[in-house]
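Chemist: Starting from these lines, generate the structure:
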Amino acid sequence: MTHSTASPHTGMKPETLGLWLGLVGVTVFALTLPMTRLATGTTDAPQLSPWFVTWARAALAGGLSAIYLLATRSRLPTRAERGPLLLSLVGNAIGYPLLLGWALRHVTASHAAVITALLPLATAAVAAWLMHQRARLGFWLFAGLGSLLVAAYSLLRAAQAGHGFGLAWADGLLLGAVIAAALGYVGGAKVTPVLGAERVISWVCVMALPVTVPGALLTWPENTIAPSAWWALLYVGVFSMWAGFFAWFRGLALGGALRVSQTQLLQPFISILAAVPLLGESLDALTLLFALAVVATVFMGRRMAAPPRPKEHA
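Modeler: Take a look at the predicted model:
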């Protein structure tokens, strides 16, 4: 049970600590988009295959996870815990990176950032469905408004690029990635209170090893790959696939999935900013304007994330 008393180690209330941990996780994940594009390359200058990036990053994280679980003498997951872990495996270890990798072969990281910004609403909806979390109507209104803002931004950017006001097929892959990630996030959050955030993502990665190791070996690149692509793969394997989830799952558990998921609205704009030095993509006034508008929905949505809780008995 989550209490509102401050942590003796940090001096923060659990809800506040959860939001900060969620923001750390969001920043790590925000770099995933430009790093994945750096790893996969483009259709004109391909680097690592999206299939290989998916398998290799999870296999790398799986090796680190096995060391961690052995070092901490972690127990095996129970039968009841394996279901949510499997959901997180399918969503976070395979579905999201694979769909994202193929999409980023065809669209910029900035474009992908605004489509995947729909993730907070998807996560909140999945949390309400699977974890039976409730929120005031105001939360849903601001979550919906934030999602509409980023969708409008995406359409405007597409129109500016001369593609008209329509969504490309790559956007369908990105929407699929959003759904996969949302399912994985909530699956992990369901077992974090009993397993701990570190063990959740570690068991997910270890459980995936029978698939990811053969997959990586079968899709190992035969052509010459730029060193920057290998460094990007190392980042998504160590941080995006493993270390970032330590903070993210713990944040969801402490602050509540509905509330903490709102910090994901900041993720697209961190991705866009990071893509400037990493990929040479541009930053314009339209991006900044939408960033400010979306941050406003994050602030208001957080204030309405949960209904007033009844007083708990001692």
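Chemist: mind listing the helices for the stretch 201-314 of the chain?
Modeler: 227-235, 244-255, 257-260, 267-279, 285-303 (DSSP state H, counting those that start in this stretch).
Chemist: Pick the most buried one from those helices.
Modeler: Most buried of the helices of the stretch 201-314 of the chain, by mean neighbour count (mean count of other Cβ atoms under 10 Å): helix 257-260, with a mean of 28. Any C-beta I mention is one placed from the backbone N, CA and C, and that applies to glycine too.
Chemist: what residues does it touch?
Modeler: Residues outside helix 257-260 that contact it (Cβ atoms under 8 Å, 6 or more residues apart in numbering) are 15, 18-19, 22, 123-124, 127-128, 131, 133, 135, 139, 185-186, 189, 251-252, 254, 302, 305-306.
Chemist: Recalculate using a threshold of 7 Å.
Modeler: With contacts defined as Cβ atoms under 7 Å, 6 or more residues apart in numbering, helix 257-260 is touched by 18-19, 22, 123-124, 127, 131, 133, 135, 139, 186, 189, 251-252, 302, 305-306.
Chemist: same check, this time on stretch 274-282
Modeler: With Cβ under 7 Å, 6+ apart as the criterion, stretch 274-282 contacts 30-31, 34, 37-38, 108-110, 283.
Chemist: min pLDDT across the residues you listed, which one?
Modeler: pLDDT across these is lowest for L283, at 80.
Chemist: how far away is the nearest residue to that one once chain neighbours are set aside from A71?
Modeler: Distance criterion Cβ to Cβ, 6 or more residues apart in numbering; nearest residue to L283, sequence neighbours excluded, is V276 at 5.3 Å. Between V276 and A71 the computed distance is 39 Å (Cβ to Cβ, to the nearest Å).
Chemist: re earlier: tell me the one among the contacts of stretch 274-282 nearest to V194.
Modeler: A30 (28.8 Å; Cβ to Cβ).
Chemist: Which residues are in contact with the closest one?
Modeler: Taking Cβ under 7 Å, 6+ apart as the test, what A30 contacts is 267, 270-271, 274.
Chemist: what about 8 Å?
Modeler: A30 neighbours (Cβ under 8 Å, 6+ apart): 113, 266-268, 270-271, 274.
Chemist: a markdown table please, covering these and showing pLDDT.
Modeler: As requested, these are exported to a markdown table (pLDDT from 0 to 100):
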| residue | pLDDT |
| --- | --- |
| A113 | 83 |
| L266 | 80 |
| Q267 | 80 |
| P268 | 79 |
| I270 | 90 |
| S271 | 91 |
| A274 | 92 |
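Chemist: how about those, which pair is most distant?
Modeler: L266 and A274 (12.3 Å).
Chemist: T263 reaches L21, doesn't it?
Modeler: No - using Cβ atoms under 8 Å, T263 is not in contact with L21; the gap is 9.6 Å.
Chemist: what residues do those two have in common as contacts?
Modeler: G251.
Chemist: Out of the contacts of stretch 274-282, which end up buried?
Modeler: For these, a neighbour count by 16 or more other Cβ atoms under 10 Å gives the buried set as 30-31, 34, 37-38, 108-110.
Chemist: nearest to N223, of those residues?
Modeler: Checking the buried ones among the contacts of stretch 274-282 against N223 by Cβ to Cβ gives L38 as the nearest, at 16.4 Å.
Chemist: what residue ranges in the stretch 151-300 of the chain score low on pLDDT?
Modeler: Within the stretch 151-300 of the chain, the segments meeting pLDDT under 70 span 161-168.
Chemist: And stretch 234-241, what's buried?
Modeler: By neighbour count on 16+ other Cβ under 10 Å, the buried set for stretch 234-241 is 235-237, 239-241.
Chemist: List the contacts of it.
Modeler: 28-29, 31-32, 35-36, 39, 53, 56-61, 64, 92-93, 97, 201, 205.
Chemist: Can you flag the buried ones in the residues you listed?
Modeler: Buried among those by 16+ other Cβ under 10 Å: 28-29, 31-32, 35-36, 39, 53, 56-61, 64, 92-93, 97, 201, 205.
Chemist: re the thing from before, any chance of the buried ones among the contacts of stretch 274-282 in JSON lines with distance to S49 as columns?
Modeler: Output for those, formatted as JSON lines (distance: Cβ to Cβ, whole Å):
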{"residue": "A30", "distance to S49": "23"}
{"residue": "L31", "distance to S49": "21"}
{"residue": "P34", "distance to S49": "18"}
{"residue": "R37", "distance to S49": "14"}
{"residue": "L38", "distance to S49": "14"}
{"residue": "T108", "distance to S49": "19"}
{"residue": "A109", "distance to S49": "18"}
{"residue": "S110", "distance to S49": "23"}
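Chemist: when you check the residues you listed against the strands, which ones overlap?
Modeler: Using DSSP state E, no member of the buried ones among the contacts of stretch 274-282 sits in strands.
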